[in-house]
Structure formats: C-alpha cells, structure tokens
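> Got a sequence here, can you model it:
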Amino acid sequence: MSAPASTPPPATPAIARGAPAASPLLVAIAPAIFLLFWSGGYAAGKVGLGYTGPFTLLAVRYGLVLLILLPLVLVMRPTLPRAPAEWVHLAVVGFLIQGVYFALGYIALATTLSSAAVALILSLQPILVAIIAPRIAGERVGAWGWIGLGLGLGGAALVILARAAVEALPLAGVLAAIGALTGITLGTLYEKRFGVSQHPVTANAVQYVTGLAVAFPLAWALEDHAVTWSVPFALALAYLIVCNSLIAMTLLLMMIRRGEVSRVSALFFLVPPMAAVIGWLLLGEEMPPLAWVGLALAAAGVALATRADRLLQPRPAGD
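Coordinates of the predicted model:
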C-alpha cells in the first residue's frame, strides 16, 4: 500500500562532503562534552551580561569567533558548499540558532530570571521536536521513546517547581525564553531536514557571520555598546567563544547529522539540571532538595530515550 500524499518521505541523511570523519571515540564522548559545555554557557552568559548588554555581548562574541575562524579558513582551505542552496541552508540554521535562539536567550538571561530557569524553559525542546519530527525529519518516536521523554519532562518540571518556590519568574524573561525555545527547535529540525555535512570550519564561519549580521545592528540600534572589561567578563567570554560557540555547536551539528534528531534533542532534558548545578556552584543560585529529585528523574528519562537499541523507527509507508 502506497503512502498517502500528505505523508512526507523520510528525510535524506546528511551527505558527508568535506567534513573530516569523526573518530569512534569522539562519537562516544560527544554527548557528555556537549552536555557539559552547553550547560555551562548559561552561567557564563549570565556573568557576561553583568558587564554589557545582550546584543553587544553576542556581537563581541561572534566577532571574536570569526577572528579565530577566518584565518583557519585561509590556512586550511576547507571544502566550500557546492550549490547556492547549501549556503542558504547554513545561513538559515545560523539565523535560527545564532540569531533567534541566542539573542532571545540572552534577553531572558538579562532579566532577573536565573540561568537555571532559562535552561528549564528550553528543556521543552525534546517534546516539541518529538511532535514535529515525524512531519519534518521523517522520524517517529516509539513507545519507549515517549516514556523516556515523559520522564525527562517530569524531571524538568520538578526542577521548575522547585525553582519557582525560590525565585520570581518575570514575564518578559519567560516570553524571551519561549522565543529562544522556538529558535533552537526550528534550527535543529531544519538542520536535520536540509543540512549537508560541511567542514566544521566552513559551517561555523557561515553561521557566525549570519549571527553577527543579526546581533550587530541590534546592538548598534538598541544598546549603548558599552563593555566593562574585567577578569570575570574575559573568562566568561572565553568560555562562550571556545566551549560554547566552537566546540559545543560543532558537536551538536555532528550529532544531529549522525543520529535521529529526537534522540539528540533528548539530551536537552539534562541541560537544565546541569545548568542548575553549575549556577548553584558558580553563581550561588539556590538548588532546592526537590530539584535534585528532578535532576535524577530527567537523567533516567534521557538514558531511556537515547538507549542504544533504537527507540525511534523510520515511518513506514502507508502508516
């Protein structure tokens, strides 16, 4: 029986073109490295925003990232996208993640909303991805996958409830975080559906040029461009550039291209608890006892949703 016309075909896996092959060791440890570096970005962003505005911080961050990447482009001469559409796909992902996600995420962090609370709102991403992925990326979540996602969501909800008991949730910060959630969800799905595997230097350079094209005009128009340079700011900026922008983003795109997008997104359930722990250690943000229970529950959910025996199966024809 043929598939109905309204059922899209499964997304074609990303084509390996110009990107160096990832070693088995890197593939194995990539989720742990990504989780640590991505989670730490919330606390680093909160520190950086104590010394400048959100768009100025992004413009400085993206500009310095490009100062690192552009010489690498000249020296390494990585393979460039072959078709105009491939340039467009890289720019769209850059706009959704570097522009929408990080810009709105930093606006949320600039409010009184804690770094942990921002990460917690963004933990809804796996659920959104799991709902949308069958139509966009040709993937369907199996029963065990939904159980794992449910446990992860329940764990994140516990941490949200625990955090709400000790801090106010400003409406502007919550709305900005929801907008950031939309950006990272759409960017993840777009990359899975249309992304072609490029050399990481090429992909990052295009995406950060796009991010700078978004952040710089906003910083120029809406902020006074003032930056109070200090050791904490320099350390936070260095972390955001090296760990968050270069390493974590490269690993995220690599994992999306190598595996099902819903399984990769399930890692984001562990980001809020990890961000809460880092915020507790570095920023003194309170971590109530109930939040530790939520952390354990989220970890169990992610372990179930990402287990090795494939919880996600391709959508069969005619389903």
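> Now for the residue nearest the centre of the chain: which residues touch it?
Centroid-nearest residue in the chain, with Cα atoms, centre = their mean: Ile184, separated by 5.8 Å. Contacts for Ile184 (Cβ atoms under 8 Å, 6 or more residues apart in numbering) come out as 96-97, 101, 122, 125. For the C-beta atoms, the positions are set from N, CA and C on the backbone; glycine is no exception.
> Just the ones of the residues you listed in helices?
Per DSSP state H, helices hold the following members of the contacts of Ile184: 122, 125.
> of all the contacts of Ile184, which comes closest to Val201?
Ile97 (17.1 Å; Cβ to Cβ).
> Leaving out chain neighbours, which residue sits closest to that closest one?
Gly187 (4.1 Å; Cβ to Cβ, 6 or more residues apart in numbering).
> who's in contact with the one you found?
93, 96-97, 100-101.
> Now do it against Gly148, distance only.
Distance, Gly187 to Gly148, using Cβ to Cβ, to the nearest Å: 23 Å.
> any chance you could map the helices in this protein?
Going by DSSP H, the chain shows helices at 24-48, 54-76, 84-94, 102-110, 115-122, 125-136, 143-164, 171-194, 200-222, 231-239, 249-258, 261-265, 271-282, 289-305.
> If I average pLDDT within each of those helices, which one is lowest?
Lowest mean pLDDT within these: helix 261-265, at a mean of 60.
> Give me the buried entries from the contacts of Gly187.
Among the contacts of Gly187, those that count as buried by neighbour count (16 or more other Cβ atoms under 10 Å) are 93, 96-97, 100-101.
> And these, which is closest to Met76?
Val93 (21.2 Å).
> That closest one touches Tyr208, doesn't it?
No - using Cβ atoms under 8 Å as the test, Val93 is too far from Tyr208 to be in contact (11.3 Å).
> that older thread, can you list the contacts of Gly187 in TSV and add distance to Ala275?
Shown next, in TSV, are the contacts of Gly187 (distance: Cβ to Cβ, whole Å):
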residue	distance to Ala275
Val93	23
Leu96	21
Ile97	17
Val100	20
Tyr101	15
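> now, which of these sits nearest Lys46?
Distances from Lys46 to these, taken by Cβ to Cβ, are shortest for Tyr101, at 16.1 Å.
> residues touching that closest one, list them.
So Tyr101 contacts 180, 183-184, 187 (Cβ under 8 Å, 6+ apart).
> and the residue lying closest to it once chain neighbours are set aside, what is it in contact with?
Excluding the flanking residues, the one nearest Tyr101 by Cβ to Cβ, 6+ apart is Gly183, at 3.7 Å. Shown in contact with Gly183 (Cβ under 8 Å, 6+ apart): 96-97, 99-101, 104.
> Next one: Gly183 relative to Trp292, how far apart?
For Gly183, the distance to Trp292 - Cβ to Cβ - is 30 Å.
> separation between the closest residue to Ala276 other than its chain neighbours and Ile247?
Distance criterion Cβ to Cβ, 6+ apart; nearest residue to Ala276, sequence neighbours excluded, is Ala116 at 3.7 Å. Distance, Ala116 to Ile247, by Cβ to Cβ: 22 Å.
> The two - which one has more neighbours?
Ala116 (31 against 18; other Cβ atoms under 10 Å).
> OK, contacts around Thr228?
51-52.
> pLDDT at it, what is it?
92.
> Got phi/psi on it?
phi -90, psi 100 (degrees, to the nearest 10).
> where's it relative to Leu57, distance?
In terms of Cβ to Cβ, Thr228 sits 11 Å off from Leu57.
> And Ala300, by the same measure?
35 Å.
> cool, Val206 as well?
21 Å.
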